[in-house]
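S.K.: When you get a sec, could you give me coordinates for this:
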Amino acid sequence: MKKAITSALVLLLCLLAFAACGAPEAEPEQVPIAVLAAMRVEAKQLVKRMDGVRQVKVAGRTYTRGTIGGTEVVLVQTGMGLKKAEAGVRDMIDAFQPSNLFVYGTSGALVPELEVHQVMIADSLSLEGVEGGDAIPADEALVSLAQELLPHARRVRLVAESGFSITPKAMARIAAQSGAVAIDLESYAVAKVAKEKGIPLLVIRCTANTYHYSTLPAWPKNGPIAADKAAEGTEAVIKKLAEMG
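M.R.: Okay, here's the model as predicted:
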């Protein structure tokens, strides 16, 4: 009896130790589609569209693996901001050597004519404080494919900054300088690394606010809906790539 209780306790301790470690450490391997999202509320919108979902850990970073349309996909939640996005995409490329990079999630409108929950396909990515001519282009083939699949989406330039611009005056200044119509905190960093590595990039964002309704107050209501719309568009493009082989 004592021996049985001891064995049970040992098994329980092993299970608890395994649970505490989280996702198992895995070896790097090639995955064709790598997707980045900044926040959990964004990441989970694509995870729910994946089959065979599991978590793996490579070099200390946790990723979500699964398939969309039969194609292997890996997703990482980077956290917010340019530095975290750049670190996340570099780690992901090292771990999975993807053929294509996707970024999706929410953004803020910079111009009055952009409505809330407007899905956008970025054809170029710029950085606040850098003139618009220095923008990094997204992959034209992926952008054109996304336009065909998402006819109501707008093709736009996005600008990234290091914080939140919550006043119309600040938004107008950034829009005039960059030539962008919407803003986020991560896409430019990913575009910079994608260009450096020669990996095609597609960015799909959806506005969580209008020009007249600043990002922070609007977020609890509009953010999850915008994230879901951006994930829906991302899923459509990945499925089409799977069909095309």
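
S.K.: Please name the nearest non-neighbouring residue to the residue positioned nearest the centre of the chain.
M.R.: The centroid of the chain falls nearest to Ala37 when counting by C-alpha atoms, centre = their mean (2.6 Å). Residue nearest to Ala37 in three dimensions, not counting chain neighbours: Ala43, with 4.2 Å by C-beta to C-beta, 6 or more residues apart in numbering. C-betas here are computed from N, CA, C, even on glycine.

S.K.: What is the subsequent helix or strand relative to the helix or strand the one you found falls within?
M.R.: Ala43 is part of helix 40-47, with elements assigned from DSSP states H and E. Moving toward the C-terminus from helix 40-47, the next helix or strand (DSSP H and E) is strand 51-58.

S.K.: Output the contacting helices and strands for that next one.
M.R.: Counting contacts by 3 or more C-beta pairs under 8 Å, 6 or more residues apart in numbering; DSSP states H and E, strand 51-58 packs against strand 61-68, helix 82-96.

S.K.: mind checking which of the ones you listed is nearest Ala230?
M.R.: strand 61-68 (14.4 Å; C-beta to C-beta).

S.K.: Could you give me the buried positions within the closest one?
M.R.: Across strand 61-68, burial judged by 16 or more other C-beta atoms under 10 Å covers 61, 63-66, 68.

S.K.: Just send those back as CSV, with distance to Gly198 too.
M.R.: Supplementary listing: the buried residues of strand 61-68 in CSV, determined by distance: C-beta to C-beta, whole Å:
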residue, distance to Gly198
Arg61, 22
Tyr63, 22
Thr64, 25
Arg65, 24
Gly66, 26
Ile68, 24
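
S.K.: Point out the least confident member of the residues you listed, please.
M.R.: Lowest-confidence member of these: Arg61, scoring 93 (pLDDT).

S.K.: what residues are up against the residue lying closest to Lys240 once chain neighbours are set aside?
M.R.: In space, and not counting its chain neighbours, Lys240 is closest to Leu149: 5.9 Å by C-beta to C-beta, 6+ apart. Counting by C-beta atoms under 8 Å, 6 or more residues apart in numbering, Leu149 makes contact with 233, 236-237, 240.

S.K.: just curious, which of these is nearest to Val73?
M.R.: Taking the contacts of Leu149 together and measuring to Val73 by C-beta to C-beta, the closest member is Val237, at 11.4 Å.

S.K.: Next, the closest one: secondary structure please.
M.R.: The three-state assignment at Val237 reads helix, by DSSP: H, G, I helix; E, B strand; the rest coil.

S.K.: Thought Leu201 was touching it, still the case?
M.R.: No - with contact defined as C-beta atoms under 8 Å, Val237 does not reach Leu201; the gap is 12.0 Å.

S.K.: Mind listing the shared neighbours of those two?
M.R.: 102, 142.

S.K.: Enumerate every residue touching the residue nearest to the centre of the chain.
M.R.: Ala37 neighbours (C-beta under 8 Å, 6+ apart): 43, 46, 75-78, 103-105, 227.

S.K.: re earlier: wait, which of the buried residues of strand 61-68 is closest to Pro220?
M.R.: Thr64 (24.3 Å).

S.K.: Lovely, talk soon.
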